[in-house]
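Enquirer: pasted the sequence and its predicted model underneath.
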Amino acid sequence: MTSKIEKLAATLASVLGEGAAVSTALGEVTVVVKAADYLAAMLTLRDHPELKFDQLLDLCGVDYSTYGEGSWTGPRFAAVSHLLSIDHNWRLRVRVFAPDDDMPVLASVTGIWRAVNWYEREAFDLFGILFEGHNDLRRILTDYGFIGHPFRKDFPITGYVEMRYDPEQKRVIYQPVTIEPREIIPRVIREDNYGMK
């Protein structure tokens, strides 16, 4: 007798074909699809009667640049979605990698699940992933004048600019970051002979 997860994995492999890599780990099923097949695969996942993933629960961006302590050699950016089939009581993770690291572009699935609207905006804002076909792709968490994408691994922890109220100008102003770097490693770890006499 096959388990529920094995049945889902077999169904996904037969319905999506060789264009998708299906794997199971820790009781979860993951499908990795190519960027060119992403929109068609998501439509199939929603509409196929054996699958019926009618709800998109979440979509997030991922930066793999330092994954595996820098041993990762694949594409840098991915969008990861979590889907739910109420009819079959199945959950699924779908991962799609953006083919270009310098300009990560993926198809928008707002035409399939409207709930993904703000999730795609968040992935754009924080990771810089562009969703082609999204009708309102603009920043959602950072300020409109913000420079860069703060969840990218190469974004500096302190950022590039800081905002403060200037009492002379009586308004909020932006200026380059003025935070002085400081030593945050405890002396016990940093100095070999700390506490020795």
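Expert: On my side now, so go ahead.

Enquirer: ok, the spatially most central residue of the chain - contacts?
Expert: Nearest residue to the geometric centre of the chain (Cα atoms, centre = their mean): Gly61, 1.0 Å. If you count contacts by Cβ atoms under 8 Å, 6 or more residues apart in numbering, Gly61 has them with 77-80, 122-124, 126-127, 129, 151. For every residue, glycine as well, the C-beta is placed using N, CA and C.

Enquirer: which strand residues bridge it?
Expert: Beta-bridge pairing for Gly61 (DSSP bridges): Ala79.

Enquirer: sorry, back to before: out of the contacts of Gly61, name the ones that lie in helices.
Expert: 122-124, 126-127 (DSSP state H).

Enquirer: which of those sits closest to Val22?
Expert: Taking Cβ to Cβ as the measure, Val22 lies nearest Ala123 of the ones in helices among the contacts of Gly61, at 23.3 Å.

Enquirer: tell me how far the closest one lies from Arg139.
Expert: Look at Ala123 and Arg139: by Cβ to Cβ, to the nearest Å, they are 12 Å apart.

Enquirer: ok, now Gln169?
Expert: Distance, Gln169 to Arg139, by Cβ to Cβ: 25 Å.

Enquirer: okay, these two: which has more neighbours?
Expert: Arg139 (15 against 8; other Cβ atoms under 10 Å).

Enquirer: now the more buried one. Nearest residue, chain neighbours left out?
Expert: For Arg139, ignoring the flanking residues on the chain, the nearest one in space by Cβ to Cβ, 6 or more residues apart in numbering is Asp125 at 4.6 Å.

Enquirer: output the below-cut-off pLDDT ranges for the protein.
Expert: Counting by pLDDT under 70, the low-confidence segments of the chain come to 1-2, 179, 181-183, 187-191, 194-195, 197.

Enquirer: for it, which segments count as strands?
Expert: For the chain, the strands defined by DSSP state E cover 20-25, 28-33, 55-63, 77-85, 90-97, 105-107, 130-132, 161-166, 171-176.

Enquirer: go through those strands and name the closest to Ala115.
Expert: Distances from Ala115 to each of the strands of the chain were compared using Cβ to Cβ; the minimum, 5.5 Å, belongs to strand 55-63.

Enquirer: just the angle between that closest one and strand 77-85, please?
Expert: Interaxial angle, strand 55-63 versus strand 77-85 (axes from the mean of the first three to the mean of the last three Cα atoms, to 10 degrees): 160 degrees.

Enquirer: buried residues in strand 55-63?
Expert: Burial within strand 55-63, assessed by neighbour count using 16 or more other Cβ atoms under 10 Å, is assigned to 56, 59-63.

Enquirer: repeat for stretch 125-133
Expert: Within stretch 125-133, the residues that qualify as buried by neighbour count (16+ other Cβ under 10 Å) are 125-131.
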